[in-house]
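>>> After the sequence you'll find the predicted model.
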Amino acid sequence: MTAAIKGSVGAPNARILSVGAYRPERVVPNAEIVDRINSSDEWIRERSGIIERRWAAADETVVDLAVNAAAIALERSGIAPDQIGMVMVGTVTHPYQTPSAAAEIADRLGAVNAAAVDLSAACAGFCYGLALANDMIKGGSARYVVVIGVEKLTDWVNPDDRGTSFIFADGAGAVVVGPSEEPGIGPVVWGADGSQKNAITMTQSLIDYRDNGGPIFPTLEMQGQQVFRWAVGEMSKAAQRALDAADVSSDDLDAFIPHQANMRITDAMVRALKLPAHVPVARDIAYTGNTSAASVPLAMDHMLETGEAPHGGTALLIGFGAGLVYAAQVVTLP
């Protein structure tokens, strides 16, 4: 006779309870970078919209950055660390294959009852994590989830590479997700196109570097035009599908918070979505740079802190990047 298995019982819905951010102290203006890549402040601003970015200190780790952001989110949520059931960390810059950054972060936060896992979804990592947290809470495998996007990209960028060195930066953003009677996180629209894996990749694998060596440690490389065409052509469609899935129109939005990849990509998406003029758009890249998995929660925190977006408002999020991967959802802001 087959034994009856008791299933999990979760909350009816989930929502973001709080957000926290950590931006490293060091501010790096374009002027500090241009000579090394034979460029100019005007060229960088025109190509990306970046005026300055934040770089972590040499002794600051991915774990350090993440703990700083997550501790703020936890304090704001009012949830005790030992109530957290899962710590999920979107990152591609933790320098260890194992153990995960998440396990150490959970320990340092005091989340002694939490499972912990790293997500490798590049710039979509935070939005991937948010979708999984939503499903976990509704499925009953966790009641509260900490979702973190964190990167120390300066460890993995060649400072002489004209295609990447001015774009990527460091930082961390985190949210606490918990149960809700009303839907606070809409259906995720996500996907991957591995046929374009070479659009954003590493110069070589660590195994190749070990076996063959080379003058430069493996670093990020990007086919900028390929990524630009894909993002402009496809991500506005994904964003619109997320709106449709949530049964929300662009007129209903109180904020649009896309991955901070490039100001020109953001502008193109705004045009393609035909966003009304009253909808504020995150442009955090100007002073933070491209922080990959950290960019969406960092931009969310900035818009809420400055009053550009209202607490309790409706926002469209989308992350996209190496893979190529993407994820979009409509959320209620904490």
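Looks like it came in fine.
>>> residues touching the nearest residue to residue 228 once chain neighbours are set aside, list them.
The shortest distance from residue 228 to any non-neighbouring residue, by Cβ to Cβ, 6 or more residues apart in numbering, is to residue 265 (6.4 Å). In this view, the C-beta of every residue, glycine as well, is placed from N, C-alpha and C. Residues counted as contacts of residue 265 (Cβ atoms under 8 Å, 6 or more residues apart in numbering) are 228, 231, 232, 235, 258.
>>> how about those residues, which pair is most distant?
Greatest spacing in these, by Cβ to Cβ: 228 and 258 (13.7 Å).
>>> more crowded one of those two?
Between residue 228 and residue 258, counted using other Cβ atoms under 10 Å, the more crowded position is residue 258 (27 against 18).
>>> my guess is residue 201 is in a strand, correct?
Yes - the assignment for residue 201, made by DSSP: H, G, I helix; E, B strand; the rest coil, places it in a strand.
>>> tally of neighbours for it?
16.
>>> Residue 313 contacts residue 252, doesn't it?
No - the pair residue 313 / residue 252 is not scored as a contact, 9.8 Å apart, by Cβ atoms under 8 Å.
>>> Can you report how many residues lie near residue 216?
Quick note: residue 216 (other Cβ under 10 Å) scores 11 neighbours.
>>> scratch that, residue 143
Using other Cβ under 10 Å, the number of residues around residue 143 comes to 18.
>>> same thing with residue 209?
15.
>>> And the pLDDT at the residue most central in space within the chain?
Taking Cα atoms, centre = their mean, the centroid of the chain lies closest to residue 293, which sits 2.7 Å from it. Per-residue pLDDT puts residue 293 at 98.
>>> tell me the strands in the stretch 1-150 of the chain, going along the chain?
Ranges of strands within the stretch 1-150 of the chain are 13-22, 26-29, 52-55, 86-90, 115-119, 145-152, based on DSSP state E, counting those that start in this stretch.
>>> ok so, going back, can you confirm the residue nearest to residue 228 is in a helix?
Yes - secondary structure of residue 265 (three-state DSSP): part of a helix.
>>> Residue 205 versus that one, what's the distance?
28 Å (Cβ to Cβ, to the nearest Å).
>>> Could you do residue 193 as well?
Taking Cβ to Cβ, one finds residue 193 at 21 Å from residue 205.
>>> ok, now residue 73?
Residue 73 is 34 Å from residue 205, where distance means Cβ to Cβ.
>>> higher neighbour count, those two?
The residue with more neighbours, out of residue 73 and residue 205 and counting by other Cβ under 10 Å, is residue 73; that gives 27 against 11.
>>> Surely that one touches residue 144?
No - here residue 73 lies out of contact with residue 144, judged by Cβ under 8 Å, at a distance of 11.0 Å.
>>> joint contacts of these two?
residue 176.
>>> Quick one: the helices in the stretch 101-250 of the chain, in order.
101-109, 125-139, 206-212, 224-230, 236-246 (DSSP state H, counting those that start in this stretch).
>>> List the buried residues of the second one.
If I follow you right, that is helix 125-139. For helix 125-139, burial by neighbour count (16 or more other Cβ atoms under 10 Å) applies to 125-134, 136-138.
>>> between these, which is nearest residue 222?
Within the buried residues of helix 125-139, the smallest distance to residue 222 is 16.7 Å, found for residue 125 (Cβ to Cβ).
>>> For the closest one, give me its contacts.
90, 91, 92, 119, 149, 292, 293, 319.
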